[in-house]
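Undergrad: Just need the structure, nothing else, for what follows:
(one chain, ligands or ions: 3)
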Amino acid sequence: MPSPETVRAIAQDAGFDLVRFGPADPGEHGVKFLSWLEAGRHGDMQYLAANTERILDPTKWRPGVRSAITLAVDYGAAPVELPGGGRVARYAAGRDYHRWMRERVFALREALEAAGAPFGSMNGGTDAVPVLERALAIRSGIGFLAKSAMVISPTHGPYLQLAELLTGMDLPPDAPSPGSCGTCTACLDACPTGAIVAPFEIDARRCLSYTTIEHRGFVPPDLRTPQGEWLFGCDICLEVCPFTKRSQRAALRGEQRPRDLRPHRVVETWTLVDVLALDAARYDADFVGTAMRRATLSGMRRNAAIVLGNRGDESALPHLERALSDADPVVRGHSAWAIGRIDAKSPSLERALARESDDRVRDELVAAISGEAPPVAR
Ligand code: B12
Ligand code: SF4
Ligand code: SF4
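TA: Ligands and ions are numbered 1, 2, ... in the order given. Okay, the predicted model is just below:
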């Protein structure tokens with residue numbers, strides 16, 4: 001059996017900046033999780049509600065688990081913007097973190113087995129239920145729970161990818177992390193949608209990370225303008241945080257950055273108009289290997305239409321007008337909204353209304369022409 005010191009050294013060699021040991025269950029965080037679900041704050045993320053039993057007790061799916069090796073990588077970076085505008089949350093701008101984090105977790109598991117850990121005694125992953133990763137990270141001292149709900153490391157800040165290896169080994173638990181938000185409320189004040197409904201609590205349904213990534217179909221009208229420039233995800237509550245300057249990678253550029261953390265060619269070469277016009281073949285060819293695929297083709301094109309509307313740039317009008325004839329009603333509807341923001345008198349709106357048969361898109365067209373907000377229920 002490898003000693004705790006050996007486990008730590010191997011994990012650092014596998015590419016993790018922070019390595020801690022702690023309980024494999026979420027403890028009192030589980031109670032918060034249940035009340036969050038009960039309040040419906042998870043929106044359509046049914047996979048969270050469907051997995052509560054396993055999330056609260058890892059022995060339900062991994063008998064013999066005794067502790068968690070918690071792992072974090074500092075992915076701090078400069079703001080990521082498409083050429084000509086449109087922002088992408090930093091965690092999704094490089095190679096898909098699900099892939100490279102998982103590769104590191106698996107490499108760690110193999111190295112630990114080679115060092116004497118019982119074969120098959122460990123199960124790991126990143127950003128995958130059934131584990132409350134923040135709870136495990138906090139309980140093992142990776143960082144403290146911040147008012148933005150982020151886990152913040154006093155030495156690396158909030159830009160942390162989290163992963164864990166649940167193990168049958170009994171590892172000595174680390175102390176909780178020092179640090180706290182103190183009297184700061186910068187993230188609550190800056191969140192453009194009011195999604196941080198109380199310190200430490202997010203209503204996912206209002207969070208841009210949810211509306212641009214997890215949510216399918218029409219975005220509630222009152223959340224479109226606050227989306228501003230965000231094409232995928234949102235980093236505002238991290239950007240305004242004073243702990244952000246603790247990131248040890250944020251200042252690294254180009255070749256200085258680890259390969260996995262360099263911007264994907266899509267974010268370096270595509271424009272918002274390109275994304276709006278994206279088709280299934282190019283989506284499959286070009287977006288492969290990025291975390292942005294989570295938003296789906298329809299969601300990415302919808303997001304691009306919203307950002308173009310928010311930018312108010314008239315040069316986007318011909319592209320949005322063309323999208324009024326698109327096969328996808330979500331793209332048609334949000335293009336109508338965007339045109340209404342840029343030029344509500346565009347004759348393309350009336351022409352589209354005359355031929356449109358989808359009631360939701362008709363509502364969007366009528367609202368765009370009249371300058372009213374479209375109805376909320378979809
Ligand atoms: C669902 C989900 C979301 C949802 C909901 C997030 C939320 N805060 O509720 C949405 C889509 C909105 C989202 C957004 C983001 N996410 Co997210 N998300 C997840 C996911 C898959 C599950 C989290 C979950 O179950 N949330 C439910 C809530 C209730 O739990 P929680 O977020 O962990 O919050 C804790 C607090 O509520 C706490 N708590 C609150 N009050 C109190 C009081 C006491 C006394 C106690 C003990 C505890 C407590 O208990 C909870 C558990 O610890 C995890 C991966 C995973 N499997 O864990 C990633 C994860 C949490 N997300 C992550 C990231 C990076 C983001 C974004 C920054 C992405 C972006 N830039 O767009 C944003 C940040 C938004 C924010 N401020 O939280 C990282 C977080 C890294 C970190 N340093 O914290 C994770 C861990 C993924 C990963 N492997 O890296 N996410
Ligand atoms: S990610 Fe953006 S929308 Fe979501 S809580 Fe943070 S600031 Fe608000
Ligand atoms: S911005 Fe302030 S309140 Fe929000 S997480 Fe950072 S330190 Fe905490």
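Undergrad: His156 touches Thr244, doesn't it?
TA: No: contact criterion Cβ atoms under 8 Å: His156 and Thr244 do not qualify, at 10.0 Å. The C-beta positions use only the backbone N, C-alpha and C, and glycine is treated the same way.
Undergrad: Need the overlap of contacts for those two.
TA: Gly76 (Cβ atoms under 8 Å, 6 or more residues apart in numbering).
Undergrad: Compare neighbour counts for those two and give me the winner.
TA: Of the pair His156 and Thr244, His156 is the one with more neighbours under other Cβ atoms under 10 Å, namely 23 against 16.
Undergrad: how close does that one get to ligand 2?
TA: The gap separating His156 from ligand 2 is 19 Å, by Cβ to the nearest ligand atom, to the nearest Å.
Undergrad: now this protein, which segments are flagged as low pLDDT?
TA: Low-confidence segments of the chain (pLDDT under 70): 377-378.
Undergrad: just the strands in it please.
TA: Counting by DSSP state E, the chain has strands at residues 18-22, 67-74, 80-81, 87-88, 122-125, 144-145, 151-152, 160-167, 196-198, 201-202, 230-232.
Undergrad: Serialize those to TSV and add fields for mean neighbour count.
TA: As requested, the strands of the chain are exported to TSV (neighbours: other Cβ atoms under 10 Å):
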stretch	mean neighbour count
strand 18-22	23
strand 67-74	26
strand 80-81	18
strand 87-88	24
strand 122-125	20
strand 144-145	21
strand 151-152	25
strand 160-167	25
strand 196-198	15
strand 201-202	18
strand 230-232	26
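Undergrad: Just send those strands back as JSON lines, with distance to ligand 3 too.
TA: Below are the strands of the chain laid out as JSON lines (distance: least, Cβ to the nearest ligand atom, whole Å):
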{"stretch": "strand 18-22", "distance to ligand 3": "18"}
{"stretch": "strand 67-74", "distance to ligand 3": "16"}
{"stretch": "strand 80-81", "distance to ligand 3": "20"}
{"stretch": "strand 87-88", "distance to ligand 3": "19"}
{"stretch": "strand 122-125", "distance to ligand 3": "26"}
{"stretch": "strand 144-145", "distance to ligand 3": "9"}
{"stretch": "strand 151-152", "distance to ligand 3": "6"}
{"stretch": "strand 160-167", "distance to ligand 3": "13"}
{"stretch": "strand 196-198", "distance to ligand 3": "8"}
{"stretch": "strand 201-202", "distance to ligand 3": "12"}
{"stretch": "strand 230-232", "distance to ligand 3": "18"}
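Undergrad: Tabulate these (a markdown table), appending distance to Gly289.
TA: Output for the strands of the chain, formatted as a markdown table (distance: least, Cβ to Cβ, whole Å):
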| stretch | distance to Gly289 |
| --- | --- |
| strand 18-22 | 25 |
| strand 67-74 | 17 |
| strand 80-81 | 16 |
| strand 87-88 | 14 |
| strand 122-125 | 18 |
| strand 144-145 | 32 |
| strand 151-152 | 26 |
| strand 160-167 | 16 |
| strand 196-198 | 32 |
| strand 201-202 | 28 |
| strand 230-232 | 15 |
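Undergrad: which ones are touching the closest residue in space to Leu162 that isn't next to it in sequence?
TA: Spatial nearest neighbour of Leu162, chain neighbours left out: Glu133 (4.3 Å); criterion: Cβ to Cβ, 6 or more residues apart in numbering. Listed by Cβ under 8 Å, 6+ apart, the contact partners of Glu133 are Thr126, Asp127, Leu162, Ala163, Glu164.
Undergrad: ok, the first one touching Ala137?
TA: Same thing as Thr126. No: taking Cβ under 8 Å as the definition, Thr126 is not a contact partner of Ala137, at 11.4 Å.
Undergrad: Could you check which of the two has the larger neighbour count?
TA: Using other Cβ under 10 Å, the more surrounded residue of Thr126 and Ala137 is Ala137, with 27 against 20.
Undergrad: For Gly194, which non-adjacent residue is closest in space?
TA: Excluding the flanking residues, the one nearest Gly194 by Cβ to Cβ, 6+ apart is Arg206, at 6.1 Å.
Undergrad: what residues are up against Pro4?
TA: Pro4 sits in contact with Phe21, Leu171, Pro172, where contact means Cβ under 8 Å, 6+ apart.
Undergrad: From ligand 2, how far off is the second one?
TA: The one in question is Leu171. Leu171 is 33 Å from ligand 2, where distance means Cβ to the nearest ligand atom.
Undergrad: Quick check, that residue in contact with Glu5.
TA: No: Leu171 lies out of contact with Glu5 (Cβ under 8 Å); the separation is 10.8 Å.
Undergrad: For these two, indicate the residue with more neighbours.
TA: Leu171 (19 against 8).
Undergrad: Report the beta-bridge partners for the residue nearest to the more buried one when sequence neighbours are not counted.
TA: Spatial nearest neighbour of Leu171, excluding adjacent residues (Cβ to Cβ, 6+ apart): Phe21 at 3.9 Å. Beta bridges link Phe21 to Ile69 when assigned by DSSP bridges.
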